[in-house]
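Visitor: Fold the following.
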Amino acid sequence: MIKVNYFARLRELTGKGEETLDRDSMTVAELLNWAEKSYPGFGADNVQVAVNEEYALKEDVIQSGDVCAFIPPVSGG
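Guide: Predicted structure coming up:
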């Protein structure tokens, strides 16, 4: 199981703060593709992913028991 957390606009888009995926492993790219298919308009190309509180690359592998967070772009002014 892989736990996924959503923040900011992604929490609003998905309608939830977190969910659990029944997967043993997947790459960050696969996770982003899953999110885009599951939640149209997710904006996977602009979202950062943290795995166990560290920013991850698209080729990094996520294992069962890991906690992922989708971090949308932040703008300020």
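
Visitor: what is the mean pLDDT for stretch 24-40?
Guide: Confidence for stretch 24-40, expressed as mean pLDDT, is 97.

Visitor: Buried ones in that stretch, by neighbour count?
Guide: Within stretch 24-40, the residues that count as buried by 16 or more other Cβ atoms under 10 Å are M26, V28, L31, L32, W34, A35, Y39. Where C-beta positions appear, they are placed from N, C-alpha and C, glycine not excepted.

Visitor: can you list those in TSV and add distance to K3?
Guide: Formatted as TSV, the entries for the buried residues of stretch 24-40 read as follows, by distance: Cβ to Cβ, whole Å:
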residue	distance to K3
M26	13
V28	14
L31	12
L32	16
W34	14
A35	14
Y39	17
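
Visitor: worst-scoring helix or strand of the chain, pLDDT-wise?
Guide: helix 8-14 (a mean of 94; mean pLDDT, DSSP states H and E).

Visitor: Tell me the helices and strands packed up against whichever helix or strand comes after that one.
Guide: Using DSSP states H and E, the next helix or strand after helix 8-14 towards the C-terminus is strand 18-21. In terms of contacts (3 or more Cβ pairs under 8 Å, 6 or more residues apart in numbering; DSSP states H and E), strand 18-21 is packed against strand 2-6.

Visitor: So for the strand it packs on, what gets flagged as buried?
Guide: Within strand 2-6, the residues that qualify as buried are I2, V4, N5, Y6, counting by 16+ other Cβ under 10 Å.

Visitor: what's the closest of these to G43?
Guide: Comparing those against G43 with Cβ to Cβ picks out Y6 as the nearest, at 12.2 Å.

Visitor: what residues are up against that closest one?
Guide: For Y6, the residues meeting the contact criterion (Cβ atoms under 8 Å, 6 or more residues apart in numbering) are L13, T14, K16, G17, E18, A69, F70.

Visitor: Which of the residues in the least confident helix or strand of the chain are classified as buried?
Guide: Neighbour-count burial for helix 8-14 flags L10, L13, T14 (criterion: 16+ other Cβ under 10 Å).

Visitor: For the protein, which residue occupies the most central location?
Guide: Note on the chain: the residue nearest the mean C-alpha position is F70, at 3.7 Å, using Cα atoms, centre = their mean.
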